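Peer 1: sequence unknown, structure follows:
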């Protein structure tokens, strides 16, 4: 990529700076500062954190190093009391807010769930039965809502079995450094939706085992 510009002292000379993409010869990088002070999720949280005061209502996800969505399962650890169980299927479904997802910043076609490691960073979900663990594809349901659906059976099974610690999941758009797509998602208790309408859900189908 070449950035062309003119020097005001020599306006007839066309100057340029090359920005090599990839390779060991690349000497440049891009740094972006974002200001979310006017965004709804930047309002002061009752607990003193800059977070959405309606965190159960809406989830914001943005590409380009923007906002990362978070999904937490505060009561998942209680399932360990049911152990031993076999998780037949665990599906996380997240509904998009169509009113907030207009062109040209339409929702990304693919988003991925990542686990949270011990230092608060991200790490991939492991699932030997899935070629793309944690991958969600945007799809239109027959009720008119667009949703992302994730199969996290392997993750839930290992959390309940105590093999991994559940620290919550990140929602990140695929190709986030190459696009400007963003999406607003309905939370688990969105006040804009009646109780019978779709919202973020975790559906778990399991079989209890005898001791």
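Peer 2: Looks like it came in fine. None of these values were measured; they are calculated from a predicted model. Residues are numbered from 1 along each chain as shown.
Peer 1: Helix or strand: which one has the residue most central in space within the chain?
Peer 2: In the chain, the residue lying closest to the centroid (CA atoms, centre = their mean) is residue 171, at 1.4 Å. Per DSSP states H and E: residue 171 is located in strand 169-173.
Peer 1: where along the protein do the strands fall?
Peer 2: Ranges of strands within the chain are 2-7, 10-18, 58-62, 69-71, 85-95, 110-116, 122-124, 135-140, 146-151, 169-173, 182-186, 201-208, based on DSSP state E.
Peer 1: Could you check the angle the first one makes with strand 10-18?
Peer 2: If you take axes from the mean of the first three to the mean of the last three CA atoms, to 10 degrees, strand 2-7 sits at 160 degrees to strand 10-18.
Peer 1: State the mean pLDDT of strand 2-7.
Peer 2: Model confidence over strand 2-7, given as mean pLDDT, is 84.
Peer 1: That one pairs with which strands, parallel or anti?
Peer 2: Using DSSP bridges, the strands paired with strand 2-7 are strand 10-18 (antiparallel).
Peer 1: List the contacts of the strand it pairs with.
Peer 2: For strand 10-18, contacts defined as CB atoms under 8 Å, 6 or more residues apart in numbering pick out 1-7. Bear in mind the C-beta positions are built from the backbone N, C-alpha and C, glycine included.
Peer 1: go on, stretch 126-146?
Peer 2: 94-96, 98, 101, 107-114, 124-125, 147-155, 169, 174, 197-198.
Peer 1: one step back: out of the strands of the chain, flag the one nearest residue 37.
Peer 2: Evaluated over the strands of the chain, closeness to residue 37 peaks at strand 58-62, with 14.3 Å, by CB to CB.
Peer 1: circling back: and the contacts of stretch 126-146, which are buried?
Peer 2: Among the contacts of stretch 126-146, the ones that count as buried by 16 or more other CB atoms under 10 Å are 94-96, 101, 107-108, 111-114, 125, 147-155, 169, 174, 198.
Peer 1: Flag the shaky bits of this structure, pLDDT-wise.
Peer 2: Scanning the chain for pLDDT under 70 picks out 20-32, 36, 38-56, 66, 100-104, 128-131, 142, 189-198, 211.
Peer 1: any idea how far residue 116 is from residue 167?
Peer 2: Going from residue 167 to residue 116 by CB to CB, to the nearest Å gives 4 Å.
Peer 1: which residues touch the closest residue to residue 76 other than its chain neighbours?
Peer 2: The shortest distance from residue 76 to any non-neighbouring residue, by CB to CB, 6 or more residues apart in numbering, is to residue 166 (5.4 Å). Applying CB under 8 Å, 6+ apart, one finds that residue 166 lies in contact with 73, 76-77, 159.
Peer 1: what comes into contact with stretch 97-114?
Peer 2: Outside stretch 97-114, the residues touching it (CB under 8 Å, 6+ apart) are 58, 61, 63, 71, 92, 96, 122-125, 134-138, 145-146, 148, 150, 152, 169-176, 179-186, 192.
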